[in-house]
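Peer 1: turn this into a model:
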Amino acid sequence: MFKPIYSVLLALTVLSGCATVPEEKKDERDPLQSFNRPIYDFNMDVLDAYILRPAAVGYLAVTPAPVRAGIVNFTTNIAAPIDAVNAGLQGKPGDMGVNVARFLINSTVGVLGIFDVASNFGLKHQDEDFGQTLGVWGLGDGAYVMLPAMGPSTVRNVAGDLVDNLVLPEIALSTPQTLVLFALRAVEARASLMAQESLLRESLDPYVFMKDIYFQRQLYELYDGNPPMEEEEMDFDEDFLENL
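Peer 2: Numbering: from 1, shown residues only. This is a model prediction of the structure:
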């Protein structure tokens with residue numbers, strides 16, 4: 001449903017100038033950098049500055065912490081079946097069972113997932129998606145891509161998101177319900193980053209900083225929080241990494 005909008009935005013960014021990337025700034029992970037940077041600028045200078053950040057500021061001002069927690073719990077719970085399916089596909093039967101149990105408990109006792117009752121029983125959320133599943137199966141990241149309004153991704157994760165969106169129960173939602181769910185997730189995610197946005201603003205190259213953070217997060221999730229340390233770990237803020 002968003003393809004027409006994306007097509008217009010993509011056309012505008014192309015016409016606005018896909019400059020050649022200087023040799024010293026080329027990154028093998030980012031062969032589309034000359035295309036991605038204008039989209040990043042549009043996301044940050046237009047969408048975030050005039051829509052998403054003001055919405056997040058207003059959301060924080062009028063939404064009490066317990067209500068925010070309920071929103072996070074609800075949106076996390078509705079994706080639990082997706083987490084469970086992907087855990088199974090990754091050969092993690094224990095995590096699959098945890099996510100199934102969480103969904104059943106929180107959807108009933110937790111009042112449609114508004115309350116995270118399952119965590120009180122030691123059933124911690126196991127976040128999985130089909131992009132991670134493809135990674136576990138040995139598929140590489142593919143090219144880094146900056147999506148209009150959606151932010152950083154990779155070819156692998158774009159494909160993974162398309163598959164995840166075909167899994168129940170989200171497919172059972174009507175279009176207005178899906179849009180509301182998407183908006184809640186976007187505003188809450190942006191609100192969670194308010195305290196860390198100075199890290200991005202003060203970096204030498206915010207585009208590169210966000211890209212490096214994104215790949216660190218992908219590695220962190222692929223290895224369930226224990227990535228192999230082949231080189232010195234970059235000192236990123238953990239909250240920024242979790243909420244990107």
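Peer 1: mean pLDDT per helix and strand in this protein: which one sits at the bottom?
Peer 2: Least confident element among the helices and strands of the chain, by mean pLDDT, DSSP states H and E: helix 3-15 (a mean of 38).
Peer 1: after it comes which helix or strand?
Peer 2: helix 33-42 (DSSP states H and E).
Peer 1: that following helix packs against which elements?
Peer 2: In this structure, helix 33-42 packs against helix 3-15, strand 144-147, helix 206-222, with contacts taken as 3 or more Cβ pairs under 8 Å, 6 or more residues apart in numbering; DSSP states H and E. (C-beta placed from N, C-alpha, C; glycine too.)
Peer 1: can we see that at 7 Å?
Peer 2: Counting contacts by 3 or more Cβ pairs under 7 Å, 6 or more residues apart in numbering; DSSP states H and E, helix 33-42 is packed against helix 3-15, strand 144-147.
Peer 1: got a list of contacts for the shortest one?
Peer 2: Applying Cβ atoms under 7 Å, 6 or more residues apart in numbering, the contact partners of strand 144-147 are 29-30, 32, 36, 39-40, 152-155, 158, 211.
Peer 1: now, the most widely separated pair of those?
Peer 2: Y40 and V155 (17.0 Å; Cβ to Cβ).
Peer 1: and those two? Which one has more around it.
Peer 2: Using other Cβ atoms under 10 Å, the more surrounded residue of Y40 and V155 is Y40, with 20 against 16.
Peer 1: report the contact partners of that one.
Peer 2: Taking Cβ under 7 Å, 6+ apart as the test, what Y40 contacts is 146, 207.
Peer 1: apply 10 Å and report the result again.
Peer 2: For Y40, the contacting residues are 13, 33, 146-148, 151-152, 206-207, 210-211, by Cβ atoms under 10 Å, 6 or more residues apart in numbering.
Peer 1: most neighbours among those, which one?
Peer 2: That'd be M146 among those, by other Cβ under 10 Å, with 25 neighbours.
Peer 1: from L193, how far out is that residue?
Peer 2: In this view, M146 and L193 are 17 Å apart by Cβ to Cβ, to the nearest Å.
Peer 1: and A55, that one's in a helix?
Peer 2: Yes. With DSSP: H, G, I helix; E, B strand; the rest coil as the criterion, A55 is assigned to a helix.
Peer 1: quick revisit: dump the contacts of strand 144-147 into CSV; add distance to S174 and pLDDT as well.
Peer 2: Shown next, in CSV, are the contacts of strand 144-147 (distance: Cβ to Cβ, whole Å; pLDDT from 0 to 100):
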residue, distance to S174, pLDDT
R29, 38, 95
D30, 37, 97
L32, 34, 96
N36, 33, 97
I39, 30, 97
Y40, 32, 97
P152, 29, 96
S153, 26, 96
T154, 30, 97
V155, 30, 97
V158, 24, 95
K211, 35, 96
